[in-house]
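Chemist: structure for the following, please:
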Amino acid sequence: MYDLKLVKRLYKNMLLVRRAEEYIAGVYFTDVIKSPIHLSIGQEAVAIGACDPLNKDDLVSNSCRGHATYIAKGGNLNAMMAELYGKKNGCAGGKAGSMHLADVENGVLGSSAIVGTTIPVTAGYALALKMEAKKTGKQRLTVAMFGDGATEEGAFYETMNFAAIKKLPIIFVCENNGLAIHSPLKKRWATLDVCDRVKSFGIKTHRVDDGDIFKIHKIMSEEIANIRNNKSGPVFIECITYRWLEHVGPTDDHHESYRDKNELKFWQEHDQLKRLASMLDEGECLIIEKEVEQEIEKAAEFAKKGEFPGEAELHVRSYVVEKKHNLLKSKTDNSRLIRYVDALHEALDQEMSRDDKVFLFGLDVDDHKGIQGSTLGLPEKFGVDRVFSTPLSEDSMTGIAIGAAMAGLRPVHVHIRMDFMLLCMNQLINMAAKAHYMYDGQVKVPLVVRTMIGRSWGQGAQHSQALHALFMHIPGLKVVAPSNAYDAKGCLIASIRDDNPVIFVEHRLLYGIESYVPEDEYVLPIGKARIIKSGSDITIVAISHMVIEALRAQKHLEKLEIAAEIIDPVWLRPLDINTIVVSVKKTGRLLVVDNAWLNCGASSEIITQVIEALPGGINGKPIAIIRMGFADVTCPTVRSLEDLFYPNGCTIAAKAYSLVTGKSCKDFVCDNDTEIDAFKGPF
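Modeler: Numbers count the residues shown, from 1 in each chain. I've put the predicted structure just below:
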């Protein structure tokens, strides 16, 4: 009835998974395994049936219970075992353990310990493969595998919607073992038919309710062919299965009350491994079993011989090593006075013209306002595949961007408010920032996240927050906040060309401010501060829009014969502390003005690093230091309170004057004709 070669192949692959995990369970309590383990024993047929019809250059992902998927797709077993042992020769250099396996060369995308996280990332790969197919004529595809618990995550539904809109070449395979840790479906699902939920997105669905490996294989084979021939977009397959062992660890927990003993008995009696063995004669089974045992012995020996990573490995691959860019200068004196927003537009236009891997997406990037004008005309010039709006799905869309970046594209993802980025922190912090390190350099994430901050027209508590300090805290992310049009263009180009995720912070009040900007493309160095104004009495370090306010303060101070040196860090991570330290050595005084709250903020970091660099002060005298930022309250909407909430040129000048002279001065008169007054709502 079934092709004998297929039966042998499925049996060997499934036996390899079963025996490998039995070996892992057997040695776990000897403490040679250096991470938590989530075993697939009992449900291996899903991974084997789903992965066998794939080509080597197709891609598959899974969550923390990923051993079966890794092996089924052809992942290197030696490297997997060494990773579990925590060795340098592991698939992730011993840094990631059982929950973060990756073998990208063999089509195994990095797994994640956070439920549902890989679903949008895998869809991002699918988006890249769809773009690739338009050039090559060959459609590769992705398979996202996950448990039933993942279908309870918002990112799951957001991704279903986007995959259907874009008709992505992806198959979603739900390994429904009926359990999320120790909670059965009846406690978690209001309706027990996940296929019906997925159908509402117009996605074709299948259900295999008996774990039949041949049914899974047949459905996968047919749907893979349909996708390759552009006859279908996304497909969802629910495979009912059962986990024989505990959620995490090597033993069974059949005696626990959350288990149904009749269910376990049924699935053990209908074990697909036994079924496959029964289709082969005893001699064939013995040959396959011997081959499998030899592979496992070889993998175990490989793991045992490996070395543990040490100090040299600890700091490797937090970031992709920065490229040596040619810091272009204009061939002719073709600088013009243009607005900040126009500089952003020009950078995007030039980079998208130069590199067809760059694409731009986000809510309303293609509407009639074009993100304050920064994206106007780009949809018409570059087409709907490279400039497109997205659903209101911050979490999933960020995962899509990350997956596309891992696949080799260079997405620029627009979040129209930094406040909204709180909805996608899992993807940014747990995937974008960590992937290069966690998967030992197998992937890069060349992603730019454009995000808007700042006051204006009563933006208030949830439309004005500047959370750059949070992102500065995370290894793997870079953070830049240009304060002028020249830096905005050069830094955006540098960010797009960089192979690391960059949070590109844009203060909306800067959009209309003009600077001289060359027409030619140019790249500014990453991690380099700018001395805006030289001075000898006090160093004022100002961030983002506070640079404008600091320059107003400098004019007030100049009238009192106080020469303030104004420094714009530009890049907050990496931070050019050396430029600041050199200035402080000269002035002996430091005022840091942040465009955010002070507690645990950028000002704290800058001051701390200055003190660490100058532990004895200057010539035996302590450095005079003070900082300014938002009032320690939620941002109010009404202008009378907003004016008190934010530092301004007068309050900065008064604080600087006090630091220099030891006296107070409240005679500064603020300019009422500023970009704050000129800005009109709603956005």
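Chemist: need the contact list for the nearest residue to residue 252 once chain neighbours are set aside.
Modeler: Closest residue to residue 252 apart from its sequence neighbours, by Cβ to Cβ, 6 or more residues apart in numbering: residue 245 at 5.3 Å. From N, CA and C alone the C-beta is placed, and that goes for glycine too. With contact set as Cβ atoms under 8 Å, 6 or more residues apart in numbering, residue 245 has these partners: 25, 39, 41, 42, 251, 252, 253.
Chemist: now these in a markdown table, with secondary structure?
Modeler: Shown next, in a markdown table, are these (DSSP: H, G, I helix; E, B strand; the rest coil):
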| residue | secondary structure |
| --- | --- |
| 25 | helix |
| 39 | coil |
| 41 | coil |
| 42 | coil |
| 251 | coil |
| 252 | coil |
| 253 | coil |
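Chemist: generate a PyMOL selection restricted to the buried subset of these.
Modeler: Here is the PyMOL command that selects only those of the contacts of residue 245 that count as buried (16 or more other Cβ atoms under 10 Å):
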select buried, resi 25+39+41+42+252
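Chemist: how near is the residue nearest to residue 252 to residue 572?
Modeler: When distance is defined by Cβ to Cβ, to the nearest Å, residue 245 is 46 Å away from residue 572.
Chemist: cool, residue 236 as well?
Modeler: Taken as Cβ to Cβ, the span from residue 236 to residue 572 is 42 Å.
Chemist: for residue 112, same thing?
Modeler: From residue 112 to residue 572 the distance is 27 Å (Cβ to Cβ).
Chemist: please apply the same query to residue 385.
Modeler: From residue 385 to residue 572 the distance is 33 Å (Cβ to Cβ).
Chemist: same thing with residue 407?
Modeler: Distance, residue 407 to residue 572, by Cβ to Cβ: 28 Å.
Chemist: and for residue 377?
Modeler: 31 Å.
Chemist: related to what we said a few turns ago, three-state assignment of the residue nearest to residue 252?
Modeler: Reduced to three states by three-state DSSP, residue 245 is coil.
Chemist: can you tell me the centre-most residue of this protein?
Modeler: Nearest to the geometric centre of the chain sits residue 432, at 2.3 Å (Cα atoms, centre = their mean).
Chemist: my guess is it contacts residue 404. True?
Modeler: No - with contact defined as Cβ atoms under 8 Å, residue 432 does not reach residue 404; the gap is 11.5 Å.
Chemist: give me phi/psi at residue 478?
Modeler: phi -110, psi 150 (degrees, to the nearest 10).
Chemist: now it. Nearest residue, chain neighbours left out?
Modeler: Nearest to residue 478 is residue 502, by Cβ to Cβ, 6+ apart, at 4.5 Å.
Chemist: one more: residue 51?
Modeler: residue 72 (3.8 Å).
Chemist: can you count the residues close to the one you found?
Modeler: Counted with other Cβ atoms under 10 Å, the neighbours of residue 72 add up to 28.
Chemist: let me see the contact set for it.
Modeler: Contacts for residue 72 (Cβ under 8 Å, 6+ apart) come out as 13, 17, 44, 47, 48, 50, 51, 52.
Chemist: name the SS class of the fifth one, please.
Modeler: The three-state label given to residue 48 by three-state DSSP is helix.
Chemist: thought it was touching residue 13?
Modeler: Yes - applying Cβ under 8 Å, one finds residue 48 in contact with residue 13, separated by 5.0 Å.
Chemist: neighbour count winner among these two?
Modeler: residue 48 (28 against 24).
Chemist: residue contacts, the more buried one?
Modeler: 10, 13, 14, 17, 68, 72, 213.
Chemist: buried ones in stretch 171-191, by neighbour count?
Modeler: 171, 172, 173, 174, 175, 176, 177, 178, 179, 180.
Chemist: now do the end-to-end distance for that stretch.
Modeler: 23 Å (Cα to Cα, to the nearest Å).
Chemist: same deal with stretch 309-319?
Modeler: Stretch 309-319 end-to-end distance (Cα to Cα) = 18 Å.
Chemist: same thing with stretch 412-421?
Modeler: Taking Cα to Cα, stretch 412-421 runs 14 Å from one end to the other.
Chemist: and stretch 159-172, by the same measure?
Modeler: Termini of stretch 159-172 sit 10 Å apart (Cα to Cα).
Chemist: so which bits of that stretch are buried?
Modeler: 159, 160, 161, 162, 163, 164, 166, 168, 169, 170, 171, 172.
Chemist: contacts for it next, please.
Modeler: Against stretch 159-172 from outside (Cβ under 8 Å, 6+ apart): 50, 119-120, 122-123, 126-127, 129-130, 133, 139-144, 146, 198, 201-203, 220, 223-224, 227, 233-237, 390-391, 393, 396-397, 399-400.
Chemist: report the buried members of those residues.
Modeler: Buried, going by 16+ other Cβ under 10 Å: 50, 119-120, 122-123, 126-127, 129-130, 133, 139-144, 146, 198, 201, 203, 220, 223-224, 227, 233-237, 390, 393, 396-397, 399-400, out of these.
Chemist: for whichever strand or helix holds residue 583, which positions count as buried?
Modeler: Element membership for residue 583, per DSSP states H and E: helix 577-587. Neighbour counts over helix 577-587 (16+ other Cβ under 10 Å) mark 577, 579, 580, 581, 583, 584, 587 as buried.
Chemist: give the contact list for residue 509.
Modeler: 454, 455, 456, 545, 548, 675, 676, 679.
Chemist: hang on, it is in a strand, isn't it?
Modeler: No - using three-state DSSP, the secondary structure at residue 509 is helix, not a strand.
Chemist: residue 657 versus that one, what's the distance?
Modeler: Residue 509 is 25 Å from residue 657, by Cβ to Cβ.
Chemist: among the contacts of stretch 159-172, which are located in helices?
Modeler: Within those, residues falling in helices by DSSP state H are 50, 119-120, 122-123, 126-127, 129-130, 133, 198, 220, 223-224, 227, 396-397, 399-400.
Chemist: all helices of the stretch 251-400 of the chain, in order?
Modeler: Assigned by DSSP state H, counting those that start in this stretch, the stretch 251-400 of the chain shows helices spanning 261-269, 272-278, 282-305, 311-314, 340-354, 378-382, 394-406.
Chemist: which one of those is the most hemmed in?
Modeler: helix 394-406 (a mean of 29; mean count of other Cβ atoms under 10 Å).
Chemist: remind me what that one packs against, helices and strands.
Modeler: helix 118-136, helix 154-166, strand 358-362, strand 410-415 (3 or more Cβ pairs under 8 Å, 6 or more residues apart in numbering; DSSP states H and E).
Chemist: for this structure, which residues score under the pLDDT cut-off?
Modeler: Within the chain, the ranges that satisfy pLDDT under 70 run 323-332, 457, 666, 672-673, 677-683.
Chemist: for stretch 667-674, buried residues please.
Modeler: Buried residues in stretch 667-674 (16+ other Cβ under 10 Å): residue 668.
Chemist: just the helices in the stretch 451-600 of the chain please.
Modeler: So, for the stretch 451-600 of the chain - with DSSP H, counting those that start in this stretch - the helices run 468-472, 485-497, 546-559, 577-587.
Chemist: save these as TSV, and put in distance to residue 87 too.
Modeler: Formatted as TSV, these follow (distance: least, Cβ to Cβ, whole Å):
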stretch	distance to residue 87
helix 468-472	33
helix 485-497	35
helix 546-559	48
helix 577-587	36
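Chemist: closest one to residue 278 among the ones you listed?
Modeler: helix 468-472 (56.4 Å; Cβ to Cβ).
Chemist: so where do the helices sit in the stretch 1-150 of the chain?
Modeler: Under DSSP H, counting those that start in this stretch, the stretch 1-150 of the chain gives helices at 4-27, 44-51, 67-72, 77-84, 118-136.
Chemist: ok, the residue nearest to residue 382 when sequence neighbours are not counted - contacts?
Modeler: With Cβ to Cβ, 6+ apart as the criterion, residue 382 has its nearest non-adjacent residue at 5.4 Å, and that residue is residue 352. When the contact criterion is Cβ under 8 Å, 6+ apart, the partners of residue 352 are 358, 359, 360, 378, 381, 382, 386.
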